[in-house]
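*Asks:* Provided below for reference: sequence and predicted model.
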Amino acid sequence: MGLKEKRFTKTFQEEQFPQLKTQIIEAVGFDVPLAIEWETLFEDRFLHLYNDSYPKIYFLPLIEAFKAITADEMGKEALAESLREVRITNTKDHHNPTNAYSFAEGVLTVDHSPILNADNVEERVKVLTDLLESNL
């Protein structure tokens, strides 16, 4: 990660991430650890798109899926008992949500390309919600 990416990451972490993290915690109902591999989430040629695409790719789907799961007490309890960590990375260059999410041993992994299909938030929410409902 070069200086440009480091600057963007710092700005994003300071300006947008705190609110997104708060929304995740509120949706989950507890302070779930977030392990974000920031250095894997960048491609220099797309840096100008990240302010808009980051929330849509990585955070809004989590928030909405967690809200769907915790809509009742059964979902809240299941999530609290099962979810130990959320890991966000980009190691496999997944663009399709079906391949971008996994849940094993209490760790929800989001391994998604940071740019392509950013506006498909609803599809990511559905895939993520289905995954959690099947594994909680």
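*Replies:* Thanks, I have it.

*Asks:* all strands for the chain, in order.
*Replies:* 34-36, 85-89, 101-104, 107-111 (DSSP state E).

*Asks:* export these to JSON lines and tack on mean pLDDT, distance to Phe12 and mean neighbour count?
*Replies:* In this view, the C-beta of every residue, glycine as well, is placed from N, C-alpha and C. JSON lines is the format used below for these (pLDDT from 0 to 100; distance: least, CB to CB, whole Å; neighbours: other CB atoms under 10 Å):
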{"stretch": "strand 34-36", "mean pLDDT": "96", "distance to Phe12": "10", "mean neighbour count": "15"}
{"stretch": "strand 85-89", "mean pLDDT": "96", "distance to Phe12": "12", "mean neighbour count": "18"}
{"stretch": "strand 101-104", "mean pLDDT": "96", "distance to Phe12": "22", "mean neighbour count": "15"}
{"stretch": "strand 107-111", "mean pLDDT": "96", "distance to Phe12": "16", "mean neighbour count": "19"}
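
*Asks:* Relative to Pro18, how far out is the closest residue to Phe42 other than its chain neighbours?
*Replies:* The shortest distance from Phe42 to any non-neighbouring residue, by CB to CB, 6 or more residues apart in numbering, is to Glu5 (4.5 Å). With distances taken as CB to CB, to the nearest Å, Glu5 is found 20 Å from Pro18.

*Asks:* okay, those two: which has more neighbours?
*Replies:* The residue with more neighbours, out of Glu5 and Pro18, is Glu5; 17 against 10, by other CB atoms under 10 Å.

*Asks:* can you count the residues close to Glu37?
*Replies:* 12.

*Asks:* List the contacts of it.
*Replies:* 87-91 (CB atoms under 8 Å, 6 or more residues apart in numbering).
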